[in-house]
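Q: after the sequence you'll find the predicted model.
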Amino acid sequence: GLFANERTNEEQKKRAKGIMSAVGHVVAVDSDADIDSVTAISGTGPAYFYLLIDMMIKSAQNFGLDPQAARILTIETAKGAAAIADAEDETMRSLIDRVRSPGGTTTAAFESLEADHVRDIFARAFEAARDRAVALADEANKD
């Protein structure tokens, strides 16, 4: 995520985007405050996925799969899902529905997740991360 204030000219924006593009996609945001949202989602984001991967690996092991098989299956599933999400223009809901069949295993899992309000749980976590990013920026600006 990049933010350019009114003192940044087009050449400077282009140069910053070029530098940042060397390590990944660049998303321009509208305000300095939006960087806190970028931090909460993109900066903290890998840990969210590692948590899910860890939970899936542990569940697979609890179901009786050996640790190596559990790790390979989970990580390859994550890679495949990420590749499809990146390649398709569909919404995530549509991609979920591709996997989800009535009365199937995905439906059972999602009914359990929805009953536990997992979206609300994650929304609060994302908000906590954003709020902490705001607090850290405020602390840094006091110095």
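A: Okay, I see it.
Q: spit out the contact partners of Y48.
A: By CB atoms under 8 Å, 6 or more residues apart in numbering, the contact list for Y48 reads 122, 125. Any C-beta I mention is one placed from the backbone N, CA and C, and that applies to glycine too.
Q: what's the separation between it and R132?
A: 14 Å (CB to CB, to the nearest Å).
Q: what's the answer for I19, then?
A: Per CB to CB, I19 is found 27 Å from R132.
Q: show me where pLDDT drops low in the chain?
A: Where the chain drops to pLDDT under 70, the residues are 143.
Q: now the helices: where do they sit in it?
A: For the chain, the helices defined by DSSP state H occupy 10-21, 34-38, 45-62, 67-87, 92-99, 105-115, 118-142.
Q: right, and those - which one's nearest G1?
A: Closest approach to G1 among the helices of the chain is made by helix 34-38 (3.2 Å; CB to CB).
Q: for the closest one, which residues meet the burial criterion?
A: 35-38 (16 or more other CB atoms under 10 Å).
Q: what's the answer for stretch 114-128, then?
A: Here stretch 114-128 shows F126 as buried, counting by 16+ other CB under 10 Å.
Q: show me the residue at the heart of this structure, geometrically.
A: Residue closest to the average C-alpha location in the chain (CA atoms, centre = their mean): G45, at 4.2 Å.
Q: lovely, talk soon.
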